[in-house]
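> how does the following fold in three dimensions:
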Amino acid sequence: MNDQPRVTQDFLDSSQYLESSILQYESIYGEDFVSPGGREVASELIASMELDPGSRVLDVGCGLGGSAFLMARDFDLQVDGIDLSRNMLALAEQKLTANGLSDRVRLQWADCLELDCCAQYDAIYSRDVFLHIADKARLFERLYAAMRPGGRLLFTDYCCGAKPWSDEFDEYVQERGYSLCTTDEYARYIANAGFEKICAQDETERFINLLQAEEARIELIPMPETARQKMKLNWQKKVQRARAGDQRWGLFSALKAV
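Residues are numbered from 1 along each chain as shown. Prediction:
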């Protein structure tokens, strides 16, 4: 898993996260969001952490800031959001100012593999970000160190089925520079880092339902018809890969022992 080149800010901002691409994602997922299920799923997952008001959360790969804003506004949490994409952060900073949440949300450019904080966070939250990170062992070691005893880890991510994959899926993964795991492999990485009470759920059926709802939404977004058809095709391919068992979607939670 760790023999892939490390994904850089330049790679992200010159490929998947061009500003125009980010805004297209937002038009599908909803204002301030670039992850499956948008605000509805984010709110559900944040609520499931059952954090006390005032708890400090690290949002890894905060994107446009949607989850961080929800945590601060609706759950009275203090949030540090980090992202490797400068394009994403530039847009998120504008939104943070517009939302008037600068006293409860801090955004900064950072590589989560280089986190050097110790026992600062009551929870660490992430949405469909770790697929960009090849060194999963170091990732969870860094997250574990950053968390206070009794802290909670919660994230979703693109996952995969067992190899061999279809040629189409393999090409998709290579083109995006993704580093994907099965849900069981993720559970082992999390456990090896020291986390306990690990829950690793395959949520692919829900992922398919979300994709189909998002594809329907694409019909309503003002855009050139050629762009619309290309976007719809991309979503249809995700559904096909998920139904074939190659592309999966996982939900993971764990605790750091007191």
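> alpha carbons only for contacts and neighbour counts from here, please
OK.
> wait, residue 82 touches residue 110, no?
Yes - assessed by Cα atoms under 8 Å, residue 82 is found in contact with residue 110 at 5.6 Å.
> more crowded one of those two?
A count of neighbours by other Cα atoms under 10 Å puts residue 82 above the other of residue 82 and residue 110, at 21 against 17.
> and that one, what are its bridge partners?
Listed by DSSP bridges, the beta-bridge partners for residue 82 are residue 60, residue 108.
> mind listing the strands for the stretch 1-150 of the chain?
56-60, 78-83, 105-109, 121-127, 147-160 (DSSP state E, counting those that start in this stretch).
> need the contact list for residue 46.
Each residue near residue 46 by Cα atoms under 8 Å, 6 or more residues apart in numbering is listed here: residue 71.
> equivalent analysis for residue 31, please.
By Cα under 8 Å, 6+ apart, the neighbours of residue 31 are residue 66.
> where are the low-confidence patches of the stretch 1-150 of the chain?
Counting by pLDDT under 70, the stretch 1-150 of the chain contains low-confidence ranges at 1-5.
> just the helices from the stretch 101-250 of the chain, written as ranges.
Here the stretch 101-250 of the chain has its helices, by DSSP state H, counting those that start in this stretch, at 136-146, 167-176, 183-192, 204-218, 225-244.
> who touches both of residue 82 and residue 110?
Here residue 82 and residue 110 share no contacting residue, scored by Cα under 8 Å, 6+ apart.
> let's have the helices of the stretch 101-250 of the chain in JSON lines, adding distance to residue 253 and mean neighbour count.
Putting the helices of the stretch 101-250 of the chain into JSON lines (distance: least, Cα to Cα, whole Å; neighbours: other Cα atoms under 10 Å) gives the following:
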{"stretch": "helix 136-146", "distance to residue 253": "12", "mean neighbour count": "21"}
{"stretch": "helix 167-176", "distance to residue 253": "25", "mean neighbour count": "13"}
{"stretch": "helix 183-192", "distance to residue 253": "9", "mean neighbour count": "18"}
{"stretch": "helix 204-218", "distance to residue 253": "16", "mean neighbour count": "17"}
{"stretch": "helix 225-244", "distance to residue 253": "22", "mean neighbour count": "15"}
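> so for residue 21, which of the ones you listed sits nearest?
Nearest of the helices of the stretch 101-250 of the chain to residue 21, taken as Cα to Cα: helix 225-244 at 10.7 Å.
> can you state the direction angle for the closest one and helix 204-218?
Comparing the axes of helix 225-244 and helix 204-218 via axes from the mean of the first three to the mean of the last three Cα atoms, to 10 degrees yields an angle of 170 degrees.
> mind giving me the packing neighbours of helix 225-244?
Helix 225-244 sits against helix 204-218, strand 247-255, with contacts defined as 3 or more Cα pairs under 8 Å, 6 or more residues apart in numbering; DSSP states H and E.
> can you check what angle separates that helix from helix 167-176?
Using the same axes, to 10 degrees: helix 225-244 against helix 167-176 is 120 degrees.
> what angle sits between helix 225-244 and strand 247-255?
70 degrees.
> mind starting the numbering at 185 from now?
Renumbered: residue one is now 185, and that last one reads helix 409-428.
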